[in-house]
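Enquirer: Prediction below, plus the sequence it came from.
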Amino acid sequence: MPVEGELEQLRRLLLGKEQGQILDLSSRIEQIKPTSDRLAPLLPGAIDLSRKTDDKQLTNALMPTVEKAIQISVKKDSRPLVEALFPVMGPAIRKSIAETFRAMLQSLNEALETSFSPKGIKWRFEAWRTGKSFAEVVLLHNLVFRVEQIFLIHHETGLLLQHAIAEQVQAQDSDMVTGMFTAIQDFVQDSFSGRQGDKLGTLEVGDLAVWVVQGPRVTLAAAIRGTAPQRFRNELHEILEYVEQKFSNELDEFDGNTGPFALIQDTLQEGLRAQYKEEKKKSWKALFAITAVAALVLAGLGYLAWQNMHWADYLNSIESEPGLVVIESHSNFGRYHLSGLRDPMATDPEDLLAASKVKPEKVSAHWQPFQSFDDELLLKRVKSLINPPGTVSIRVENGVLTASGNASHQWIANSRDLLRTLPGISAFETGALMDETLQSAQELIERIEKVELFFRSGSTRLLPDQHSKIDLLIRDIKQLTVHAGQLNQTLSLQLIGRTDSLGSEKNNVRLSQKRAKAIAEIMLSNGIKNDILLPVGMGNTDPLGSDNTEKGRQRNRSVVLVVRLSNAVP
């Protein structure tokens with residue numbers, strides 16, 4: 001049944017106008033409901049209107065929220081707030097501190113004493129005693145403070161941005177110094193700091209202090225000798241604030257390029273300053289009296305200085321000599337004491353003392369023996385040990401002994417054994433040294449092997465003119481035997497007998513053996529040992545000459561020697 005549709009139609013006829021008005025009002029309410037997007041453009045104007053009307057309601061409403069937000073931010077991380085307030089608070093704090101210290105500080109200037117005053121005499125004695133120049137001693141005593149170096153360091157990376165150094169100050173590697181400083185600073189903070197953000201303020205080593213001032217992004221470290229006034233720390237803060245403001249963008253975008261910071265070099269150089277004590281005037285009477293006393297003292301000091309100059313020359317002459325090492329030396333009012341090391345091959349220090357202008361009776365010296373590895377002294381020690389013959393030249397370079405010339409095998413072997421026990425000699429080079437024994441043995445071998453002993457046809461009898469050749473041959477063999485012993489070699493002689501082609505092969509072999517044995521018996525009767533002789537008969541199997549001629553057949557009716565040298569069995 002269409003009852004519901006009829007009721008809906010009746011409702012529209014009776015309440016249609018009122019329902020439309022209700023929907024329109026609901027839409028307008030939704031549009032005017034406050035949201036973040038609708039309020040954001042209106043808040044600046046509302047706050048500005050409240051300030052102009054001097055209405056404190058908005059201030060009172062916002063104050064607790066702002067204070068709470070600042071407290072939470074500081075507890076979480078105080079650095080953003082510190083960095084924001086740093087350029088403003090720095091000058092105000094320094095002004096307050098400067099006013100306080102201006103009333104408390106006293107003048108630290110003293111008179112610069114003249115060189116003839118008691119203080120000046122004292123300083124001269126100090127200069128003589130310490131070895132420093134008088135000017136250096138005066139400078140140290142009269143220096144109030146001197147800023148020697150200033151380092152500008154990037155706080156986050158620890159890199160050196162700029163470095164200024166005073167004249168006549170010996171500089172170390174600035175990057176190395178910066179790295180060490182950063183490491184020390186981190187060590188102090190990690191080991192001894194109880195609160196986050198605490199930084200190292202001062203580092204002292206003797207009379208040298210390093211003042212450190214730090215900003216949000218850079219650190220300024222000044223190396224100061226002496227006692228600098230507190231106002232200089234304020235000047236360091238001014239330099240630091242100038243860098244933070246002038247190079248704000250460069251510091252925020254720093255990528256390791258220090259080029260843009262070269263402009264700060266002049267500002268850092270202005271921070272390198274020094275202050276000395278002022279000189280006071282002395283009365284002429286006191287000056288005259290002090291001058292007289294000082295003249296006498298200076299005369300005595302001059303005499304001592306004159307003696308010390310000669311003593312220094314003597315020490316220099318010792319140090320220039322190889323094999324002499326000064327361990328300790330000092331003087332005491334004209335008396336001198338010396339101790340050191342002396343190589344036995346070195347020059348006698350007494351000879352050097354006699355040649356100097358120092359009186360020997362005023363010198364007490366004690367020398368302990370040692371061995372120097374100086375090439376000159378090593379050469380002397382080698383010559384005294386191996387006693388090289390006149391035909392040998394030796395030199396030592398970097399511990400290597402090189403010999404040239406010619407010498408006997410025995411001398412070479414003995415020298416090599418002796419040098420093994422000599423400290424300082426690492427090698428013995430004999431490439432340019434000729435072994436006379438070996439050379440003589442080679443010449444004897446060549447001469448012996450050239451000898452041909454000829455026999456009568458079909459006989460073991462030598463030709464009449466061969467006996468003189470045998471005498472020379474035996475003499476050479478005896479000499480070669482001696483050389484073989486010197487060379488630690490074993491000598492053997494192979495006696496090879498031959499025949500011509502006449503006769504049968506069997507008879508020729510037998511005849512050649514008899515010829516070889518005949519020569520061996522002659523050698524045995526002349527003192528040649530049997531154990532080195534080896535007779536061999538070859539018949540006509542390896543002829544020396546052609547059998548087509550009488551001269552060739554005569555060469556084949558012979559005995560020749562073959563020499564063998566081999567290492568002796570130990």
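Expert: Now that the structure is in, tell me what you want to look at.
Enquirer: and L480, how many neighbours does it have?
Expert: For L480, the neighbour count with other CB atoms under 10 Å is 24. The way it works is simple: take the backbone N, C-alpha and C, and place the C-beta from them, glycine included.
Enquirer: residue boundaries of the helices in the stretch 251-400 of the chain?
Expert: Remark: helices assigned in the stretch 251-400 of the chain by DSSP state H, counting those that start in this stretch are 265-270, 284-319, 349-355, 375-386.
Enquirer: Pick out the shakiest of those, pLDDT-wise.
Expert: Of all these, the segment with the smallest mean pLDDT is helix 284-319, scoring a mean of 71.
Enquirer: Going by neighbour count, which residues in stretch 554-567 are buried?
Expert: Residues of stretch 554-567 classed as buried by neighbour count (16 or more other CB atoms under 10 Å): Q554, R555, N556, R557, S558, V559, V560, L561, V563, L565.
Enquirer: Now do the fourth one against D351, distance only.
Expert: Looking back up the chat, that one is R557. 77 Å (CB to CB, to the nearest Å).
Enquirer: and the longest strand seen in the chain, what does it pack onto?
Expert: Counting residues, the longest strand found in the chain (DSSP state E) is strand 143-154. Here strand 143-154 touches strand 160-165, helix 174-192, strand 218-226, helix 230-246, strand 274-276, going by 3 or more CB pairs under 8 Å, 6 or more residues apart in numbering; DSSP states H and E.
Enquirer: closest to L324 out of those?
Expert: L324 lies closest to helix 174-192 among the helices and strands packed on strand 143-154, at 37.6 Å (CB to CB).
Enquirer: average pLDDT across that closest one?
Expert: In the prediction, helix 174-192 has an average pLDDT of 67.
Enquirer: Any buried residues in whichever helix or strand comes after it, and which?
Expert: Proceeding N to C from helix 174-192, the next assigned helix or strand is strand 202-205, under DSSP states H and E. Across strand 202-205, burial judged by 16+ other CB under 10 Å covers L203.
Enquirer: Give me the distance between strand 202-205 and the centre of its chain.
Expert: Relative to its parent chain, strand 202-205 has a centroid offset of 29 Å by CA atoms, centre = their mean, to the nearest Å.
Enquirer: one step back: please tabulate the helices and strands packed on strand 143-154 in a markdown table, including the columns mean neighbour count and distance to D343.
Expert: Formatted as a markdown table, these follow (neighbours: other CB atoms under 10 Å; distance: least, CB to CB, whole Å):
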| stretch | mean neighbour count | distance to D343 |
| --- | --- | --- |
| strand 160-165 | 21 | 45 |
| helix 174-192 | 14 | 40 |
| strand 218-226 | 22 | 45 |
| helix 230-246 | 17 | 57 |
| strand 274-276 | 17 | 50 |
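Enquirer: so R557 touches R461, yeah?
Expert: No - applying CB atoms under 8 Å as the test, R557 and R461 come out as separate, 10.7 Å apart.
Enquirer: what do these two both touch?
Expert: With contacts taken as CB atoms under 8 Å, 6 or more residues apart in numbering, R557 and R461 have F455 as neighbours in common.
Enquirer: what about K514, neighbour count?
Expert: 16.
Enquirer: helix/strand/coil for it?
Expert: helix (DSSP: H, G, I helix; E, B strand; the rest coil).
Enquirer: Quick one: residues contacting it.
Expert: Shown in contact with K514 (CB under 8 Å, 6+ apart): T460, G497, G537.
Enquirer: And the average pLDDT for the longest strand of the chain is what?
Expert: Here the average pLDDT along strand 143-154 is 79.
Enquirer: Okay, now the sheet partners of it, with direction.
Expert: Strand 143-154 has its sheet partners listed here by DSSP bridges as strand 160-165 (antiparallel), strand 218-226 (antiparallel), strand 274-276 (antiparallel).
Enquirer: about what we covered before: among the contacts of K514, the buried ones, what's the PyMOL command?
Expert: Written as a PyMOL command, the selection of buried residues from the contacts of K514, which uses 16+ other CB under 10 Å, is:
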select buried, resi 460+497+537
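Enquirer: Quick check: which ranges of the stretch 101-250 of the chain have low pLDDT?
Expert: When residues are selected by pLDDT under 70, those of the stretch 101-250 of the chain lie in 101-120, 123, 131-143, 168, 170-174, 176-181, 183, 185-199, 205-207.
Enquirer: let's see it at 80
Expert: Applying pLDDT under 80 to the stretch 101-250 of the chain flags the ranges 101-145, 148, 155-156, 158, 166-208, 223, 226-228, 230, 232.
Enquirer: Equivalent analysis for the stretch 301-450 of the chain, please.
Expert: 301-308, 310-311, 331-334, 357.
Enquirer: ok so, going back, using a markdown table, please lay out the buried residues of stretch 554-567 together with secondary structure, distance to E449 and pLDDT.
Expert: Formatted as a markdown table, the buried residues of stretch 554-567 follow (DSSP: H, G, I helix; E, B strand; the rest coil; distance: CB to CB, whole Å; pLDDT from 0 to 100):
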| residue | secondary structure | distance to E449 | pLDDT |
| --- | --- | --- | --- |
| Q554 | helix | 19 | 90 |
| R555 | helix | 15 | 90 |
| N556 | helix | 17 | 90 |
| R557 | coil | 19 | 92 |
| S558 | strand | 13 | 92 |
| V559 | strand | 12 | 95 |
| V560 | strand | 7 | 95 |
| L561 | strand | 6 | 95 |
| V563 | strand | 6 | 94 |
| L565 | strand | 12 | 89 |
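Enquirer: picking up where we left off before, would you list the helices and strands packed on strand 143-154 in CSV and tack on distance to W311?
Expert: Output for those, formatted as CSV (distance: least, CB to CB, whole Å):
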stretch, distance to W311
strand 160-165, 37
helix 174-192, 39
strand 218-226, 33
helix 230-246, 45
strand 274-276, 35
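Enquirer: Relative to Q513, which of the ones you listed is closest?
Expert: Taking CB to CB, helix 174-192 is the member of these nearest to Q513, at 91.5 Å.
Enquirer: Tell me the first helix or strand C-terminal of the helix or strand where N414 lies.
Expert: Per DSSP H and E, N414 falls inside helix 409-419. Counting by DSSP H and E, the next helix or strand C-terminal to helix 409-419 is strand 427-435.
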